[in-house]
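**Student:** my questions concern the predicted model and sequence given below.
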Amino acid sequence: MSVRPRWLATVFAVSLSLAACAEGAPAAPPDQMPATPAAPVFVCGNNVREGNEVCDCPETASLMCAVPATVTCESLMMGTGTVYCDPNTCNYILTFCSAGSAGGGAGMGGTSGRGG
């Protein structure tokens, strides 16, 4: 066998192994790669406003808790009165606002039923 075919075979083998690395082979075996981090879990009732919570209460609150002083019925365009936070849903309780509905909630819309 001549020297040239062995040299070509060696170059071909090296090229294949380099090509495998260049195509995005993982740097570490799959069992040693870091796991994808889980999505954060937001807990309503831990006194920390997080995620899509509009408010949050301490664990000891059973019916409602106070909201920051900057959150008022007036600032939410719900008339006058006091806004509270629901410890189970982490939404505002608007039933104590003069324009609030019986169900409360975080909504700011609605219509008045005044007729004439």
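**Tutor:** Arrived safely, thanks for sending. Just so you know, these numbers come straight off a predicted model, no measurement behind them.

**Student:** let me know whether Cys44 touches Glu53 as I believe.
**Tutor:** Yes - applying CB atoms under 8 Å, one finds Cys44 in contact with Glu53, separated by 6.2 Å. Where C-beta positions appear, they are placed from N, C-alpha and C, glycine not excepted.

**Student:** common neighbours of the two, please.
**Tutor:** With contacts taken as CB atoms under 8 Å, 6 or more residues apart in numbering, Cys44 and Glu53 have Cys90 as neighbours in common.

**Student:** helix, strand or coil for Ala39?
**Tutor:** coil (DSSP: H, G, I helix; E, B strand; the rest coil).

**Student:** ok, it to Met77 distance?
**Tutor:** 33 Å (CB to CB, to the nearest Å).

**Student:** okay, the two: which has more neighbours?
**Tutor:** Neighbours were counted for Ala39 and for Met77 using other CB atoms under 10 Å; Met77 has more, 10 against 6.

**Student:** in this structure, where is pLDDT below threshold?
**Tutor:** Where the chain drops to pLDDT under 70, the residues are 1-5, 7-30, 33, 100-116.

**Student:** just give the nearest non-adjacent residue to Glu59, would you?
**Tutor:** Computed as CB to CB, 6 or more residues apart in numbering, the closest residue to Glu59 that is not its neighbour in sequence is Gly45, at 5.6 Å.

**Student:** swap in Met64?
**Tutor:** Closest to Met64 by CB to CB, 6+ apart is Tyr84, at 4.0 Å.

**Student:** cool, Glu53 as well?
**Tutor:** Going by CB to CB, 6+ apart, Glu53 has Cys90 as its nearest residue, at 3.8 Å.
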